[in-house]
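Participant: Provided below for reference: sequence and predicted model.
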Amino acid sequence: MRVVVVYESTRGRTKAMAEAICEGVKSADVDCDLINAPAFKGLDDACALAVGASTRMKRPLPKVRQIISELQPLDGKPVAAFGSYGWSGEAPGFIGQQLESLGGVLVESPLRVKDYPDDAGIEACMRIGKRLAESCK
Ligand SMILES: Cc1cc2nc3c(=O)[nH]c(=O)nc-3n(C[C@H](O)[C@H](O)[C@H](O)COP(=O)(O)O)c2cc1C
């Protein structure tokens, strides 16, 4: 069992969220692949997927936009969307909609955190990771 967490981040904020999601996955005894978007090759046999990007000009960063536009159908796979933002924060909602339209099932509403994630933000990320892991079992 393996969860894939793919992220794109310019200043490390969404990356910190991705790391906390993976920590949550591992705390539930499930493997986690933390993948920076440019290195993403595909889902292979992953049982669940989280995709995150910060918001730039009201949209997710471009590499994540490309990845979600090229994903194969998700056929009921548990999914999550997340990202840091500065003022309007459209990216996680955009990603979540796209994952759902591919047939993914969101384990939680898309998570957006302003600026660098504080303790509550990290906790929310870990909770998502645990839920993804539990949904694999
Ligand atoms: C060129 C540029 C455009 C941005 N556009 C938006 C935007 O439209 N809405 C928003 O909420 N934040 C916007 N931001 C702020 C980033 O989303 C925010 O700094 C975020 O915390 C960066 O996270 P990251 O380190 O994971 O990339 C923008 C930042 C830059 C540099």
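Facilitator: Thanks, I have it.
Participant: who touches R131 in this structure?
Facilitator: Residues near R131 by CB atoms under 8 Å, 6 or more residues apart in numbering: G24, P78, A80, V107, E108. Every residue, glycine included, has its C-beta placed from N, CA and C.
Participant: among these, which two are most distant?
Facilitator: Farthest pair in these (CB to CB) is G24 and P78. Separation: 13.2 Å.
Participant: Between these two, which is the more surrounded one?
Facilitator: Taking neighbours as other CB atoms under 10 Å, G24 and P78 compare with G24 leading, 26 against 20.
Participant: Give me the helices and strands touching the helix or strand hosting that one, please.
Facilitator: Assigned by DSSP states H and E, G24 belongs to helix 13-27. Under the contact criterion of 3 or more CB pairs under 8 Å, 6 or more residues apart in numbering; DSSP states H and E, helix 13-27 touches strand 2-8, strand 31-36, strand 48-53, strand 78-85, strand 111-114, helix 119-136.
Participant: Let's have the ones you listed in a markdown table, adding mean pLDDT and distance to the ligand.
Facilitator: Formatted as a markdown table, these follow (pLDDT from 0 to 100; distance: least, CB to the nearest ligand atom, whole Å):
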| stretch | mean pLDDT | distance to the ligand |
| --- | --- | --- |
| strand 2-8 | 98 | 7 |
| strand 31-36 | 98 | 11 |
| strand 48-53 | 98 | 7 |
| strand 78-85 | 98 | 4 |
| strand 111-114 | 98 | 7 |
| helix 119-136 | 98 | 11 |
